[in-house]
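Chemist: Sequence plus the predicted model coming up.
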Amino acid sequence: MATGVRVLFNDFRVPLRSWLTVNSAWGQVTGRARYSQYPPAYIKPVYLPAKLEELERSGDAKQLEYTPVRAAYNTHTSSVFHDPLVRKFTNHIMKTGNKCLARELVEKAFQEVKRVQLQKRNTAETEEEKEAIVCDPLKIFKQAVENGRPVLQLVPIKRGGVKYQVPVPITDHRSYFISMRWLKEAGREKERTIHFPEKLARELLAAARNEGRVVKKKQDLHRQCEANRAYAHYRWS
Amino acid sequence: MASVIGQFLRRSSTLVRISCTVQARVASGLPHIQQYSSSSSSSTEEESMTSPEGGARMSKSMLAYQQRAEAHDKFMADQIAERTLMLPSSTFSPRHPSNVFIKKKAAEFDISGRPFHTFFYTGYPAYYQALHDLGKTMISLDQFANRMAHLKVENESQAFNCGGSEWVSKAELSNKFLEELHDKHYIFFIQSMNRLIEHPYSSRAQDFIMRFRKVVITTQNKEEIPKLMYTAEGIPYMTGSGKRKHTEATVTVYGRGSGKIEINGQDMRFFKVIQDREQVVFPLQFTNLLGKVDLVANVTGAGLSSSAGAIRLATALALCSFVDEHMREKMRLAGLLSKDFRVKERKKPGQKGARAKFTWKKR
């Protein structure tokens, strides 16, 4: 499943192609921030090397030749260690703007994951078993987030004075958010003697194996949605 | 009004002074001026003691009156000339009639009542004429493409690059044709024009296309890239400066280096936070020059994060001279060459922060 991980969080919420056609055909960009410091013609920077290459291959870079570009954020880099999903997760973990600490915690958790996996690999007996163990914490993290993503969500809707828990499909973006929130919460629910990064590492490993609290939470939610399927029509009626 | 003043003037001996106060109202229009000197043209020094017409002697009081009246007229004329300059109507030049009256179509019939234009009975002759022209252009482009294919000429795509411009709006197109177009007309027209642009030889129809496009960005931001300078030892170097929030940075990038980085006399450990270090290295890494050039940076101002941002911009600008056009464009798209305009928003009185409000309790 690791190969099927979709690359999201690439700062292009709207696909570039459709954005361009909107821009060229009607001369208007919809859905921009109201209080942006930049004039509306400015587009978001494309800082990931892979994304840039894709732009050049598709010929969209030629179209953007005349478009002014906003400055890259100070969290953007073209480094191989940079990953938009990890960056997002770090921001979820951050409390009161202490990004240094948040980043440290995530990195420690990744180290722990690596350590555990390497240990496993070293104790494995046959070559095949050794090959099967993934040691890349980034892959494990992505797999864990992917496994924790719910498809539905319960929304309270009032009908005739009674609140019904109505199952509603959710967007990709929100499902990523919920999955990461559950991971973070699972990391924080722990005994006093265990530190957050260790706990988070365990949860990541468990979720990547389709086990653990996060996956259980997802399954519970799906079960509840299934139980409440009779109310599903309240979504539109 | 003027006659009242006239009576008043005849009685008053201090007429000039008083007329000053009255005159602001009088000055609102030239036709209101009344000439008090009975013959302003002929009253000169020589015939001061004679009446203008018959040469009869004038009384002293009459003469004095005449002089005062002349002085008054002169004063009034000066004042009016002065005031009219200050009137709102004189602050802008008169508008051209074409701006006032909406453009209308000329007569579309000849004397016998036959319409000039073939498409007159479509109701939108100019619009359909444009579509007709579009079709003809398309056919000619196709023919050209066929000829090229027949001659087996293979060259690069000559599709028109319409960057920096956009289609005119519906209102502007209506104004161009002097016809009230509907949405369906406009959408169909733009769709058809888009198809023309997609044609592999559409750059041949550039003039036709640009008739219906307006330029959005006039100049591509391609400033002169300064040429590399050389030290006495022959090492290439370039200096760039950048700003971020309240920080300014000047960075000198030396070529043929070993990747040394010096910030305010210290090494990379000037920045404690890893994110800031990443920022300093970002342009070097992006251009694959990490470890090949040396950096000497000077930062002034407050804030470590913004210092890193300023150094990043300064380095990127300096590196422009080291890299080729293609890489420069990539750097621009990555947002390395643009200044970050964002600054802290001020706190507002009556609220907790820039946007945050105090908690509100009814009682």
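Modeler: That came through fine. Numbering: from 1, shown residues only, chains lettered A, B, ... in the order given.

Chemist: biggest helix in chain A by residues?
Modeler: In chain A, taking DSSP state H as the definition, the longest helix is helix A:99-123.

Chemist: any idea how far the closest residue to chain A within chain B is from B:Arg269?
Modeler: Chain A sits closest to B:Gly335 of chain B, with a gap of 2.7 Å, by CB to the nearest CB. For every residue, glycine as well, the C-beta is placed using N, CA and C. Separation of B:Gly335 from B:Arg269 (CB to CB, to the nearest Å) stands at 27 Å.

Chemist: If you count surrounding residues, which of those two has more?
Modeler: Taking neighbours as other CB atoms under 10 Å in any protein chain shown, B:Gly335 and B:Arg269 compare with B:Gly335 leading, 21 against 9.

Chemist: how close does the more buried one get to B:His326?
Modeler: 17 Å.

Chemist: again with B:Leu131
Modeler: Using CB to CB, B:Leu131 is found at 40 Å from B:His326.

Chemist: The two: who's more crowded?
Modeler: B:Leu131 (17 against 10).

Chemist: and the helix or strand where the more buried one lies, what does it pack onto?
Modeler: Following DSSP states H and E, one finds B:Leu131 within helix B:125-150. For helix B:125-150, the packing partners by 3 or more CB pairs under 8 Å, 6 or more residues apart in numbering or on different chains; DSSP states H and E come out as helix B:170-177, helix B:183-198, helix B:206-210.

Chemist: Just put these in a markdown table and tack on distance to A:Pro137 and mean neighbour count.
Modeler: What follows is these, written out as a markdown table (distance: least, CB to CB, whole Å; neighbours: other CB atoms under 10 Å in any protein chain shown):
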| stretch | distance to A:Pro137 | mean neighbour count |
| --- | --- | --- |
| helix B:170-177 | 55 | 16 |
| helix B:183-198 | 46 | 15 |
| helix B:206-210 | 53 | 14 |
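
Chemist: Adding distance to chain A, write those out as TSV.
Modeler: Below are the helices and strands packed on helix B:125-150 laid out as TSV (distance: least, CB to the nearest CB, whole Å):
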stretch	distance to chain A
helix B:170-177	10
helix B:183-198	6
helix B:206-210	12
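
Chemist: Distance to A:Thr90 and mean pLDDT added to those, as JSON lines?
Modeler: JSON lines is the format used below for the helices and strands packed on helix B:125-150 (distance: least, CB to CB, whole Å; pLDDT from 0 to 100):
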{"stretch": "helix B:170-177", "distance to A:Thr90": "47", "mean pLDDT": "91"}
{"stretch": "helix B:183-198", "distance to A:Thr90": "43", "mean pLDDT": "93"}
{"stretch": "helix B:206-210", "distance to A:Thr90": "48", "mean pLDDT": "91"}
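
Chemist: Format these as a markdown table; extra columns: distance to B:Ala69.
Modeler: Listed next are those as a markdown table, based on distance: least, CB to CB, whole Å:
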| stretch | distance to B:Ala69 |
| --- | --- |
| helix B:170-177 | 57 |
| helix B:183-198 | 69 |
| helix B:206-210 | 67 |
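
Chemist: So is the helix or strand following the helix holding B:Leu131 next to chain A?
Modeler: Toward the C-terminal end, the helix or strand that comes next after helix B:125-150 (DSSP H and E) is strand B:165-167. Yes - counting by CB under 8 Å from any CB of the partner chain, chain A has neighbours in strand B:165-167: B:166-167.

Chemist: quick one: strands adjacent to strand B:165-167?
Modeler: strand B:213-215 (antiparallel) (DSSP bridges).

Chemist: what's downstream of the strand it pairs with, the next helix or strand?
Modeler: By DSSP H and E, the next helix or strand past strand B:213-215 is strand B:229-230.

Chemist: List of residues touching that following strand?
Modeler: For strand B:229-230, the surrounding residues in contact (CB atoms under 8 Å, 6 or more residues apart in numbering or on different chains) are B:236-238.

Chemist: and the helix or strand just after that strand, which residues are buried?
Modeler: Moving toward the C-terminus from strand B:229-230, the next helix or strand (DSSP H and E) is strand B:236-244. In terms of neighbour count (16 or more other CB atoms under 10 Å in any protein chain shown), strand B:236-244 has its buried residues at B:236-238, B:240, B:242-244.

Chemist: So which elements touch strand B:236-244?
Modeler: On a contact count with 3+ CB pairs under 8 Å, 6+ apart, strand B:236-244 meets strand B:229-230, strand B:247-254, helix B:304-319.

Chemist: Quick check: which of these is buried the most?
Modeler: Among these, helix B:304-319 has the highest mean neighbour count (mean count of other CB atoms under 10 Å in any protein chain shown), at a mean of 25.

Chemist: could you point out which element follows it?
Modeler: Next element after helix B:304-319 (DSSP H and E): helix B:325-333.

Chemist: Now that following helix: buried residues?
Modeler: Of all the residues in helix B:325-333, those buried under the rule 16+ other CB under 10 Å are B:327-333.

Chemist: what does chain A put close to chain B?
Modeler: A:23-27, A:37-38, A:41-42, A:44-47, A:49, A:52, A:55, A:61-72, A:74-79, A:99-100, A:103.

Chemist: from those, which would you call buried?
Modeler: A:23-24, A:38, A:42, A:44-47, A:49, A:52, A:55, A:61, A:63-64, A:66-67, A:69-72, A:74, A:76-78, A:99, A:103.

Chemist: domains in chain A, as residue ranges please.
Modeler: A:47-81, A:84-235 (automatic domain parsing).

Chemist: Comparing the ones you listed by mean pLDDT, which bottoms out?
Modeler: Of all these, domain A:47-81 carries the lowest average pLDDT, namely a mean of 89.

Chemist: what's the first-to-last distance across that one?
Modeler: 14 Å (CA to CA, to the nearest Å).

Chemist: Any idea how far it is from the middle of the chain?
Modeler: 21 Å (CA atoms, centre = their mean, to the nearest Å).

Chemist: Excluding chain neighbours, what is closest to the residue in chain A that chain B sits nearest to?
Modeler: Chain B sits closest to A:Pro45 of chain A, with a gap of 2.7 Å, by CB to the nearest CB. Leaving aside its chain neighbours, A:Pro45 sits nearest to B:Gly335 (2.7 Å; criterion: CB to CB, 6 or more residues apart in numbering or on different chains).

Chemist: Ok, A:Ser175 next?
Modeler: Excluding the flanking residues, the one nearest A:Ser175 by CB to CB, 6+ apart is A:Arg149, at 4.2 Å.

Chemist: any idea whether that neighbour is helix, strand or coil?
Modeler: coil (DSSP: H, G, I helix; E, B strand; the rest coil).

Chemist: and it, what is it in contact with?
Modeler: Counting by CB under 8 Å, 6+ apart, A:Arg149 has contacts A:175-176, A:178-179, A:218.

Chemist: let's see it at 7 Å
Modeler: Contacts for A:Arg149 (CB atoms under 7 Å, 6 or more residues apart in numbering or on different chains) come out as A:175-176, A:179.

Chemist: Just the ones of the residues you listed in helices?
Modeler: Short answer: the contacts of A:Arg149 in helices (DSSP H) are A:175-176, A:179.

Chemist: TSV for the residues you listed, including neighbour count and distance to B:Ile111?
Modeler: Shown next, in TSV, are these (neighbours: other CB atoms under 10 Å in any protein chain shown; distance: CB to CB, whole Å):
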residue	neighbour count	distance to B:Ile111
A:Ser175	21	74
A:Tyr176	21	74
A:Ser179	23	80
